[in-house]
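Q: need coordinates for the below:
(one chain, ligands or ions: 1)
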Amino acid sequence: MSIAENLNNINETIKKITVSCGRTATDIQLIAVSKKQSSTNIQAALDAGHRLFGENRLQEAQAHWEKHKQNYDDITLHLIGSLQTNKVKEAIALFDVIETVDRKKLARHLSKEMKKQNRYLPCFIQVNTGEEEQKSGITPANLKAFYEFCTKECELEIKGLMCIPPAKDPPALHFALLSKLAKELNLSELSMGMSSDFEKAIPLGATYIRVGTGIFGERENP
Ligand SMILES: *Cc1c(COP(=O)(O)O)cnc(C)c1O
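A: Coordinates of the predicted model:
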């Protein structure tokens, strides 16, 4: 199936699920995760009219999106991978939303650099809902304090939470937890659900789903 057809099918699925769980389809945004995809694939998604994309590495994102952003004025680009502090400056220049605020040092750097560039990006806090050692993100227990730090001390605009559930667990447990944590902080946006599990994330409150292979097919190995 073509990328345009995949996008169409996923949008139809989103509509069906939102109706069946009493939500509104326009409340859910589909982020097309274009990491490790060819220029041809990315162009196909643009040609199909899609404008919301996610990338997890700065350099790769720059290679594709600096030029596309010059040619299309309505692209929105989310950073969904971890960010090193020495790349904050370039990340703020390129991305529109940072979904992976996951430590104090990064929050401080983002704050300083946004002021410098006078470019204030909405942010999400990445939550390590599975408390996995190898995974980045704030643990649920530390979330409230970290949220206060980000909003009060760093003056970041925290819009919501994102998570990547552990592969071994039923994802719904983690989506429900992220949803509960967002409610406690009065945050409206939830970035959760990927190709294999976005259908479970929508009834649990996802406002952004991040779909890569489901749109583009398998990723290339660089
Ligand atoms: C790669 C990636 C996705 C998309 O994964 P698929 O299984 O290809 O849909 C979503 N979120 C993050 C953070 C990713 O790194």
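
Q: quick check: mean pLDDT across stretch 136-148?
A: If you average the pLDDT over stretch 136-148, you get 98.

Q: that one: which residues count as buried?
A: Neighbour counts using 16 or more other C-beta atoms under 10 Å place 137, 138, 140, 143, 146, 147 of stretch 136-148 among the buried residues. C-beta coordinates here come from the backbone N, C-alpha and C atoms, glycine included.

Q: show me what residue 125 bridges to in the sheet.
A: residue 101, residue 161 (DSSP bridges).

Q: from the buried residues of stretch 136-148, which single one is nearest the ligand?
A: Nearest to the ligand among these is residue 137, at 10.6 Å by C-beta to the nearest ligand atom.

Q: can you get me a residue count around the residue nearest to that closest one when sequence neighbours are not counted?
A: Of all residues not flanking residue 137 in the chain, residue 128 sits nearest, at 3.2 Å (C-beta to C-beta, 6 or more residues apart in numbering). When neighbours are counted by other C-beta atoms under 10 Å, residue 128 registers 21.

Q: tell me who's in contact with residue 128.
A: Counting by C-beta atoms under 8 Å, 6 or more residues apart in numbering, residue 128 touches 102, 135, 136, 137, 138, 139, 163.

Q: mind doing that once more with 7 Å?
A: Residue 128 is in contact with 135, 136, 137, 138, 139, counting by C-beta atoms under 7 Å, 6 or more residues apart in numbering.

Q: quick one: the second one and residue 126 touch, right?
A: Yes. Applying C-beta atoms under 7 Å as the test, residue 136 and residue 126 come out as touching, 6.2 Å apart.

Q: so what sits against both of those two?
A: Residues touching both residue 136 and residue 126 by C-beta under 7 Å, 6+ apart: residue 102.

Q: hang on, the earlier thing: next, give phi and psi for the residue nearest to residue 137.
A: Main-chain torsions, residue 128, degrees, to the nearest 10: phi -90, psi 80.

Q: let me see the confidence value for it.
A: For residue 128, the predicted pLDDT is 98.

Q: pull up the residues of the protein that are close to the ligand.
A: Contact residues, the chain versus the ligand (C-beta under 6 Å from any ligand atom): 33, 35, 56, 80-81, 164, 194-196, 210-214.

Q: in stretch 189-207, which residues are buried?
A: Quick answer for stretch 189-207 (16+ other C-beta under 10 Å): 189-195, 197-207.

Q: so what's residue 7 closest to, chain neighbours aside?
A: Per C-beta to C-beta, 6+ apart, closest to residue 7 is residue 48, 5.3 Å.

Q: for that neighbour, grab the count of nearby residues.
A: Based on other C-beta under 10 Å, the number of other residues close to residue 48 is 17.

Q: which residues does it contact?
A: For residue 48, counting by C-beta under 7 Å, 6+ apart, the contacting residues are 3, 4, 7.

Q: tell me the spacing between it and residue 208.
A: The spacing between residue 48 and residue 208, counted by C-beta to C-beta, to the nearest Å, is 19 Å.
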